[in-house]
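Chemist: Structural data only, the sequence is not supplied:
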């Protein structure tokens, strides 16, 4: 049997467990679950802005348009 097969199955199982635990925590503990989407978006925007200012990444307007669409939509 290949060595990678049990590792791939373990990764899938772990991912499933994490998703169920996360869903349980969000439903029971978080008052406004929509607010959880704002923080990763802000972090991504800040990281993209830093990369843009350093000249390492140029499609910043596309990121802004998609971010605004995700927040509003």
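Modeler: Perfect, I can see it now. All of these numbers come straight from a predicted model, not from anything done at the bench.
Chemist: buried stuff in the helix or strand harbouring residue 45?
Modeler: Here residue 45 sits within helix 38-54, counting by DSSP states H and E. Buried residues in helix 38-54, counted by 16 or more other Cβ atoms under 10 Å: residue 48. C-betas here are computed from N, CA, C, even on glycine.
Chemist: and after that helix, which helix or strand comes next?
Modeler: Tracing the chain C-terminally past helix 38-54 and defining elements by DSSP H and E, one meets helix 60-72 next.
Chemist: what comes up buried for that next one?
Modeler: Under the neighbour-count criterion of 16+ other Cβ under 10 Å, helix 60-72 has residue 63 buried.
Chemist: what distance separates that helix from the centre of its chain?
Modeler: Relative to the chain's own centre, helix 60-72 is displaced by 15 Å; criterion: Cα atoms, centre = their mean, to the nearest Å.
Chemist: Now do that helix, average pLDDT.
Modeler: In this model, helix 60-72 has a mean pLDDT of 72.
Chemist: can I assume residue 38 is in contact with residue 71?
Modeler: Yes - the pair residue 38 and residue 71 passes the contact test of Cβ atoms under 8 Å, sitting 7.2 Å apart.
Chemist: Which strands or helices does the helix holding residue 45 pack on?
Modeler: helix 60-72 (3 or more Cβ pairs under 8 Å, 6 or more residues apart in numbering; DSSP states H and E).
Chemist: before we move on, which element is residue 20 in?
Modeler: Going by DSSP H and E, residue 20 is part of helix 4-29.
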